[in-house]
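> Mind looking at a prediction? Sequence and model below.
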Amino acid sequence: MRRISYVCSLALLVTNLLFSQQITIDNTVPLQQLVENNLVEGCFEITNISSPVNGSVNGFSSYAYFERASSNFPFENGIMLSTGNANSGGNTVNTNILNEGQSNWGTDPDLEATLGISNTLNATSIEFDFVSISNTVQFNYLLASEEYFSNFPCDYSDGFAFLIKPSSSTGPYQNIALVPGTSIPVNTNTVHDEIVGFCPEQNGQYFDGYNMGDTNYNGRTQVLTASASITPYQQYHIKLIIADQTDQNYDSAVFIQGNSFNSVVDLGNDITTCADMLTLDADIQNSQATYTWLLNGNPIPGENNPTLN
């Protein structure tokens, strides 16, 4: 009897430890702080932060701050946008399918127009204007969803996009939430493993797995990077949007790595040459920029110009 009692207690302890290893989610962080302190890093001017559509119409927050805590989640912290109650994505184990949100919780027309889809609802968006000194902006994210269940990835997906365009433009948005090296939007249809007997894998190398335990979603992608080429000192508008499609069942969420929204200076391809003379050009067209050239990791004395001969 003592041995049986010991084994049961040990099993209960292991189960509790596993269940405790979830991300923590805090939906009380104000939106402006969420973007300025937990999303953006580097030389940006951020203005006009807003969330025109979210779960507040149904009495809860559908965006939030999260931390890895003691889990094995890929990101230490960051922000999340969901098609349901953000708090339901973690904190405590919930084995029920997440189906939160009512039909009166609307969508964003730019999401449908860009993806060429319709009948979306339960949308959450965070958007803002930004100006950068660099020619590239990028950030890391992953998509998690209850749609990663049974054969659903063969037929169903929620709408999800990162939309960007110059603030002054009246033209269409560009979606930068794409399968790497393609123009294919990331969703549960386009990133999943083989569903035996139903459909082959689609970009399976970017699918991380099912029931990872650190969130309450059925499955998720691997960490992906969204990036866009931009013009320095020009103002851009970006929308981060996710929405249910057709009905409010089987919620999804996008997790964005904390402070990974940063600017990158593209200096072009690496150069290998046997020539006696070569001019290296690192000019980023910024009159306030300063330059330091390095040789074997050490600054070259007196070389502080945009070019080096």
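Nice, thanks for sending it over.
> so where's this structure shaky on pLDDT?
In the prediction, the chain carries residues with pLDDT under 70 at positions 1-20, 265-268, 284-288.
> how is it carved up into domains?
Domain segmentation of the chain under automatic domain parsing yields 22-264, 268-309.
> Show the contacting residues for A113.
Contacts for A113 (C-beta atoms under 8 Å, 6 or more residues apart in numbering) come out as P172, Y173. The C-beta positions use only the backbone N, C-alpha and C, and glycine is treated the same way.
> in a helix, that's where it is, yeah?
Yes. Secondary structure of A113 (DSSP: H, G, I helix; E, B strand; the rest coil): part of a helix.
> Do you have the helices of the stretch 51-200 of the chain handy? List them.
Counting by DSSP state H, counting those that start in this stretch, the stretch 51-200 of the chain has helices at residues 109-115, 152-155.
> Distance to N175 added to the ones you listed, as TSV?
Converted to TSV, the helices of the stretch 51-200 of the chain look like this (distance: least, C-beta to C-beta, whole Å):
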stretch	distance to N175
helix 109-115	5
helix 152-155	20
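> strand partners of the longest strand belonging to the chain, parallel vs antiparallel please.
Longest strand in the chain, counting residues (DSSP state E): strand 120-132. Using DSSP bridges, strand 120-132 pairs in its sheet with strand 44-50 (antiparallel), strand 236-245 (antiparallel).
> pretty sure I25 contacts T92?
No. At 10.1 Å, I25 does not count as touching T92 under the criterion of C-beta atoms under 8 Å.
> quick one: common contacting residues for those two?
Common neighbours of I25 and T92 (C-beta under 8 Å, 6+ apart) do not exist.
> More neighbours: the two, which one.
I25 (22 against 11; other C-beta atoms under 10 Å).
> returning to that earlier point: which one, of the helices of the stretch 51-200 of the chain, ends up nearest to G258?
Proximity to G258, assessed across these by C-beta to C-beta, is greatest for helix 109-115 (24.0 Å).
> buried stuff in that closest one?
Neighbour counts over helix 109-115 (16 or more other C-beta atoms under 10 Å) mark D110, L111, E112, T114, L115 as buried.
> circling back: out of the domains of the chain, which one sits most buried?
domain 22-264 (a mean of 19; mean count of other C-beta atoms under 10 Å).
> mind putting the strands paired with strand 120-132 in JSON lines, distance to T225 included?
Output for the strands paired with strand 120-132, formatted as JSON lines (distance: least, C-beta to C-beta, whole Å):
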{"stretch": "strand 44-50", "distance to T225": "17"}
{"stretch": "strand 236-245", "distance to T225": "14"}
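> out of these, nearest to S150?
Nearest of the strands paired with strand 120-132 to S150, taken as C-beta to C-beta: strand 236-245 at 17.2 Å.
> Output the closest one in CSV with nothing but the alpha carbons.
The C-alpha atoms that make up strand 236-245 are tabulated as CSV, following Å, rounded to 0.1, in the frame of the first residue of the first chain:
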residue,chain,number,x,y,z
TYR,A,236,4.7,54.0,-42.6
HIS,A,237,1.5,52.6,-41.2
ILE,A,238,1.5,49.0,-39.9
LYS,A,239,-1.4,46.8,-38.9
LEU,A,240,-1.0,43.6,-36.9
ILE,A,241,-4.3,41.7,-37.4
ILE,A,242,-5.8,38.3,-36.6
ALA,A,243,-9.4,37.1,-37.0
ASP,A,244,-11.6,34.1,-37.0
GLN,A,245,-13.1,33.1,-40.3
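> Start at 382, not 1
Right, with 382 as the first residue, what we last looked at is strand 617-626.
> Neighbouring strands - and their directions - for the helix or strand following it?
Remark: after strand 617-626, the chain's next helix or strand is strand 633-638, criterion DSSP states H and E. Here strand 633-638 is paired, per DSSP bridges, with strand 458-463 (antiparallel), strand 517-526 (antiparallel).
> Make sure Q413 is indeed in a helix.
Yes. Counting by three-state DSSP, one finds Q413 located in a helix.
> ok, now which ones touch it?
Contacts of Q413 (C-beta under 8 Å, 6+ apart): I430.
> go on, N690?
With contacts defined as C-beta under 8 Å, 6+ apart, the neighbours of N690 are M658, L659, T660, L661.
> where's the first one relative to N650, distance?
As for M658, its distance to N650 is 19 Å (criterion: C-beta to C-beta, to the nearest Å).
> from memory D662 sits against Y672, does it?
No. The pair formed by D662 and Y672 falls short of the contact definition of C-beta under 8 Å, at 10.8 Å.
> Would you mind putting the CA coordinates of stretch 489-499 into CSV?
The C-alpha atoms that make up stretch 489-499 are tabulated as CSV, following Å, rounded to 0.1, in the frame of the first residue of the first chain:
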residue,chain,number,x,y,z
ASP,A,489,-11.0,44.7,-40.3
PRO,A,490,-11.8,45.2,-44.0
ASP,A,491,-8.1,45.6,-44.9
LEU,A,492,-7.5,42.1,-43.7
GLU,A,493,-10.1,40.6,-46.0
ALA,A,494,-9.1,42.8,-48.9
THR,A,495,-5.4,41.9,-48.6
LEU,A,496,-5.9,38.2,-48.2
GLY,A,497,-8.9,37.9,-50.6
ILE,A,498,-11.1,36.3,-48.0
SER,A,499,-14.5,37.1,-46.5
